[in-house]
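> sharing a sequence plus its predicted fold:
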Amino acid sequence: MNTVLTLTTEGYHPGTGALINSLAFCDFQGLIKVHYLGKKPKWSKSEMEALGDRGITLQLIQERDETLPHYLKAKILLEALREAGHGDKVFFIDSDISIVRNWRFFEFWVDQGVALGADVNFEGMSINHPMRGYWRTLLKEIQRPIREISG
């Protein structure tokens, strides 16, 4: 099963709704766990009803920790990984991100290893980066040579 985790606060509720809509649009199926601090998102009830027909379960979890939100991300991810079964895929996506690729791409990507996305300002891509694994697979499928360049 796929599980997407996100963490939101009241100022990010519109972005969280956009993330959820983008997941549905890109054919995600599975569980979306929205951890929130403060008030529950106003859109939560309507989203829960609408997503069930698309194979998506939406779960809202109120966080009571008074720490800064970004300090909770590791805790949330660790809990989900402990709960995950063999073959489950767990993703943490910030609530200000929108998905624009078909969800199968992300399933393939995480099958290459731990998949990490970074801001566009990040310049490094190691030789064993999951995206390079994806490109290698594509090149093999069309029988094109692979030239390893690290940078």
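Structure's in. What do you need?
> Pro69 and Thr16, how far apart?
According to CB to CB, to the nearest Å, Pro69 stands 12 Å off from Thr16. C-beta: built from backbone N, CA, C; applies to glycine.
> which one of those two is surrounded by more residues?
The residue with more neighbours, out of Pro69 and Thr16, is Thr16; 25 against 17, by other CB atoms under 10 Å.
> check which helix or strand covers the more buried one.
Element membership of Thr16, judged by DSSP states H and E, is helix 13-25.
> and that helix, what's buried?
13, 15-24 (16 or more other CB atoms under 10 Å).
> over to stretch 74-88?
76, 80.
> same thing with stretch 89-109?
For stretch 89-109, the neighbour count (16+ other CB under 10 Å) marks 89-93, 95, 99, 103, 106, 109 as buried.
> again with stretch 131-139
132-134.
> hmm, who's touching that stretch?
Stretch 131-139 has contacts (CB atoms under 8 Å, 6 or more residues apart in numbering) with 105, 108-109, 112-113, 125-126, 145-146.
> let's see 6 Å
For stretch 131-139, the external contacting residues (CB atoms under 6 Å, 6 or more residues apart in numbering) are 112, 146.
> let me see the mean pLDDT of it.
The average pLDDT within stretch 131-139 is 81.
> as PDB, could you dump the C-alpha coordinates of that stretch?
Taking Å, rounded to 0.1, in the frame of the first residue of the first chain, the C-alpha atoms of stretch 131-139 are listed here in PDB:
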ATOM      1  CA  MET A 131      16.800   9.300 -10.500                       C
ATOM      2  CA  ARG A 132      19.900   8.000 -12.200                       C
ATOM      3  CA  GLY A 133      18.600   4.500 -11.600                       C
ATOM      4  CA  TYR A 134      15.400   5.500 -13.300                       C
ATOM      5  CA  TRP A 135      17.300   6.900 -16.300                       C
ATOM      6  CA  ARG A 136      19.400   3.800 -16.500                       C
ATOM      7  CA  THR A 137      16.300   1.700 -16.700                       C
ATOM      8  CA  LEU A 138      14.800   3.900 -19.500                       C
ATOM      9  CA  LEU A 139      18.000   3.800 -21.500                       C
END
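> where does this protein have its least confident helix or strand?
Using mean pLDDT, DSSP states H and E, the weakest-scoring helix or strand in the chain turns out to be helix 44-51, at a mean of 72.
> so what's Leu60 up against?
34, 44.
> hang on, it in a helix?
No. Using DSSP: H, G, I helix; E, B strand; the rest coil, the secondary structure at Leu60 is strand, not a helix.
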